[in-house]
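Peer 1: Any chance you could fold what I've pasted below:
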Amino acid sequence: MACKRTAQYASIVCMAGMAMMLAGVAVARPNFIVMFADDTGWGDLGANWPETVDTPRLDEMAEKGTRMHDWHAGASVCTPSRAALLTGRLGKRTGVTHNFGPPSKGGLPLNETTIAEALKEAGYKTGMIGKWHLGVHDKFHPFFRGFDFYYGLPYSNDMGCTDTPGFNKPMMMGCCHDNTSSLYSGYSELLHDSQKANCSKSLAVPLYLDDAIIEQPVNLETLATRYGDMAEQFIANHSEDAFFLYMAFAHMHVPQNHAKQFDNISKTGGEFGNTLRELDWTVGRVLDALDKNNVANNTLVLFTTDNGPWETKCNLTGSKGPFQGTWQRTVGGGGGTGKFTTWEGGHRAPTIAYWPGHIAAGHVSNALASSLDIFPTLVSLGEGKMPAYRTYDGVDLTPVLLHGNDSAGHEVLFHPNSGAGKPIGNLTAMRIGPYKVFFETAPAGDCHVSSPNMAMGKDMVHDPPLIFDLSSDLAEAKPLTASHQEFDNLVARSKKLLEAINANIASDNTTVVDYGSDKADSPCCNTKNVCCRCTN
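Peer 2: You can find the predicted model right below:
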């Protein structure tokens, strides 16, 4: 495979696929399953954090696979993170820097190529189950972005009402059943007292099969079970094919809901734990389906998440583990350091790579890696072709995954501002080896403050940049002082690297996204009902 590593920073441009080698023997093209959780913290995986005891199947997956200790989301909020995974490119290149919603006119630009499109061209059967969040209008829908099959939600499960509103902070109201304001029965106990006489007339969250709405509002209680059913069916239907399945869960995003069999099942208690148990169970179903269809030894499975915990959700938020962003909470004036932020808790993702017989079991990789790397890695192993005339921010992790060569990860990795601070999308933090460099810091909301604009801390520009040594300070508590022997070198190098990538982006084939909206573009299966409720 002919690959070009761009000068100045660790971005790789691969021009063709290749058959990878393991111990001198060619590896047959594997199947791929990428499981993408939502708002799940690094500490929500028991294999990462002993305080978590509700992920037995994921922990077993880690024991039989490789746990990626230093893996990062491509952004720290929903839409940009998903775009980064599916394209291998940062939001400043694709134009996807913040979230789309139900009335959005635009989506992931049509000139950007998805993993599904690249693998489909290479002969793979492709399917997606779960949350898309990259546009639903016209050709932005996943059914037209390389996926032969789609079953899932077009955006987040809180972007509209349902009849099963579950748990959120603040609690959500259920959909109205007609054009009156009478409350439907069954969930009044979940609503605030002041809301008990009301129901929501907002657009109901739809469920799609391919490009058609089959349920509106979606039943969130049974959704994860149905996702598991569809995954089992997809694997069984394509056990003789090379396939790629992208499975993007609604869990652990709010509102949190689950099948009744998971009521009060968490060992730590609470709805978050119950919902996490259902997520874990669904992952187990997928792994069991691979065994049942005798394709486990020919399937690379990656589990990761889009960003860290959403801290404004209090007891419905997950664990950042040791990545507390302590400087922000002390010197920086307070506020959240999870989702939306460039603190480690916002983008460091619990990640497991699993491929029996090919990926080392019980191994912990310290390679600096990112969801940006999934595109080039899968296309390489799948013997596909990387689209030309654009720069990729991901690297091929095959040497890391198959040979344990951690040095083949990133030396330099940039983190975009994803909503904590402005302007959104700018590269405001970066890694250089073990060092974390902040050109700007900003808090998100936390359990006490619900909006980033109301958070206690302030946006700060740092010159010289704020630098932490993560090899000894995972909590990002004590920045290096000017007397540190590496300080001057890191300051000079980080500024050159930032200047270089911004110049590279300016000269790259980039895209401007239409973030306009029109309620007429919202997905609706019954315009005669106030919530678009389908009668069938």
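Peer 1: Pull out the buried residues from the lengthiest strand in the chain.
Peer 2: Among the elements of the chain assigned as strand by DSSP state E, the one spanning the most residues is strand 460-469. Applying a neighbour-count criterion of 16 or more other Cβ atoms under 10 Å, the buried positions in strand 460-469 are Met460, Pro464, Pro465, Leu466, Ile467, Phe468, Asp469. Using the backbone N, CA and C atoms, a C-beta is placed for each residue, glycine as well.
Peer 1: what are the phi and psi angles of Pro206?
Peer 2: Dihedral pair for Pro206: phi -100, psi 160, per degrees, to the nearest 10.
Peer 1: these two touch, right, Gly273 and Asp54?
Peer 2: Yes. Here Gly273 reaches Asp54: they are 5.0 Å apart, a contact under Cβ atoms under 8 Å.
Peer 1: Could you check which of those two is surrounded by more residues?
Peer 2: Asp54 (24 against 21; other Cβ atoms under 10 Å).
Peer 1: who's in contact with that one?
Peer 2: Shown here is Asp54, whose contacts under the criterion Cβ atoms under 8 Å, 6 or more residues apart in numbering are Gly46, Ser266, Lys267, Thr268, Gly273, Leu276, Arg277, Asp280.
Peer 1: how close does the fourth one sit to Ser319?
Peer 2: Distance of Thr268 to Ser319, computed by Cβ to Cβ, to the nearest Å: 10 Å.
Peer 1: How about the last one?
Peer 2: Plainly put, Asp280 is 14 Å away from Ser319 if you go by Cβ to Cβ.
Peer 1: Overlap of the contact sets of Thr268 and Ser319?
Peer 2: With Cβ under 8 Å, 6+ apart applied, the overlap between the contact sets of Thr268 and Ser319 consists of Thr52.
Peer 1: Neighbour count for those two, which is higher?
Peer 2: Taking Thr268 and Ser319 together and counting by other Cβ under 10 Å, Ser319 has the greater number of neighbours (22 against 13).
Peer 1: hang on, isn't the more buried one packed against Thr40?
Peer 2: No. Under the contact definition of Cβ under 8 Å, Ser319 does not touch Thr40, with a separation of 9.3 Å.
Peer 1: so what sits against both of the two?
Peer 2: Taking Cβ under 8 Å, 6+ apart as the criterion, Ser319 and Thr40 both touch Pro309.
Peer 1: middle-most residue in the chain, spatially?
Peer 2: Asp306 (1.6 Å; Cα atoms, centre = their mean).
Peer 1: Quick check: it touching Asp39?
Peer 2: Yes. With contacts defined as Cβ under 8 Å, Asp306 counts as touching Asp39 at a distance of 7.2 Å.
Peer 1: I'd like the mean pLDDT over the longest helix anywhere in the chain, please.
Peer 2: In terms of residue count, the longest helix belonging to the chain (DSSP state H) is helix 270-292. Per-residue pLDDT over helix 270-292 has a mean of 98.
Peer 1: Output the contacting helices and strands for it.
Peer 2: With contacts defined as 3 or more Cβ pairs under 8 Å, 6 or more residues apart in numbering; DSSP states H and E, the packing partners of helix 270-292 are strand 31-37, helix 56-64, helix 220-237, strand 299-305.
Peer 1: Just the C-alpha atoms of it, please, in PDB.
Peer 2: Backbone C-alpha positions of helix 270-292 (Å, rounded to 0.1, in the frame of the first residue of the first chain) are rendered in PDB as follows:
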ATOM      1  CA  GLY A 270     -30.200   3.700  39.600                       C
ATOM      2  CA  GLU A 271     -31.500   4.100  36.100                       C
ATOM      3  CA  PHE A 272     -28.000   4.800  34.600                       C
ATOM      4  CA  GLY A 273     -26.800   1.400  35.900                       C
ATOM      5  CA  ASN A 274     -29.900  -0.400  34.600                       C
ATOM      6  CA  THR A 275     -29.500   1.200  31.200                       C
ATOM      7  CA  LEU A 276     -25.800   0.400  31.100                       C
ATOM      8  CA  ARG A 277     -26.600  -3.200  31.800                       C
ATOM      9  CA  GLU A 278     -28.900  -3.300  28.800                       C
ATOM     10  CA  LEU A 279     -26.200  -1.800  26.600                       C
ATOM     11  CA  ASP A 280     -23.700  -4.400  27.900                       C
ATOM     12  CA  TRP A 281     -26.300  -7.200  27.200                       C
ATOM     13  CA  THR A 282     -26.800  -6.000  23.700                       C
ATOM     14  CA  VAL A 283     -23.100  -6.000  23.000                       C
ATOM     15  CA  GLY A 284     -23.100  -9.600  24.300                       C
ATOM     16  CA  ARG A 285     -25.800 -10.600  21.900                       C
ATOM     17  CA  VAL A 286     -23.800  -9.300  18.900                       C
ATOM     18  CA  LEU A 287     -20.700 -11.300  20.000                       C
ATOM     19  CA  ASP A 288     -22.800 -14.400  20.600                       C
ATOM     20  CA  ALA A 289     -24.300 -14.000  17.100                       C
ATOM     21  CA  LEU A 290     -20.800 -14.000  15.600                       C
ATOM     22  CA  ASP A 291     -20.100 -17.300  17.400                       C
ATOM     23  CA  LYS A 292     -23.400 -18.800  16.400                       C
END
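Peer 1: List the buried residues of it.
Peer 2: Judged by neighbour count (16+ other Cβ under 10 Å), helix 270-292 contains these buried residues: 271-287, 289-290.
Peer 1: so how far is stretch 52-63 from its chain's centroid?
Peer 2: 19 Å (Cα atoms, centre = their mean, to the nearest Å).
Peer 1: which one of the helices and strands packed on helix 270-292 lies closest to Arg82?
Peer 2: Shortest separation from Arg82 across these is recorded for strand 31-37, at 7.4 Å, computed as Cβ to Cβ.
Peer 1: Residues contacting that closest one, please?
Peer 2: Applying Cβ under 8 Å, 6+ apart, the contact partners of strand 31-37 are 82, 85, 115, 119, 124, 130, 238, 242-249, 251-252, 279, 283, 286, 290, 295, 298-306, 350, 374, 378, 381-382.
Peer 1: if we go to 6 Å?
Peer 2: Counting by Cβ atoms under 6 Å, 6 or more residues apart in numbering, strand 31-37 makes contact with 243-249, 299-303, 305, 378, all of which sit outside it.
Peer 1: Check the separation of the first and last residues in stretch 83-91.
Peer 2: Stretch 83-91 has an end-to-end distance of 7 Å (Cα to Cα, to the nearest Å).
Peer 1: give me the low-pLDDT residue ranges for the stretch 101-250 of the chain?
Peer 2: Scanning the stretch 101-250 of the chain with the threshold set as pLDDT under 70 gives 178-197.
Peer 1: I'd like to know how many residues surround the nearest residue to Trp355 once chain neighbours are set aside.
Peer 2: Distances taken as Cβ to Cβ, 6 or more residues apart in numbering place Leu300 nearest to Trp355, at 4.5 Å, with adjacent residues excluded. By the criterion of other Cβ under 10 Å, Leu300 has 23 neighbours.
Peer 1: just checking, Leu300 touches Pro30?
Peer 2: Yes. Leu300 is within contact range of Pro30, at 4.8 Å (criterion: Cβ atoms under 6 Å).
Peer 1: sorry, back to before: now for the contacts of strand 31-37, which sits with the most neighbours around it?
Peer 2: When neighbours are taken as other Cβ under 10 Å, the top entry among the contacts of strand 31-37 is Thr305 (30 neighbours).
Peer 1: Much appreciated, bye for now.
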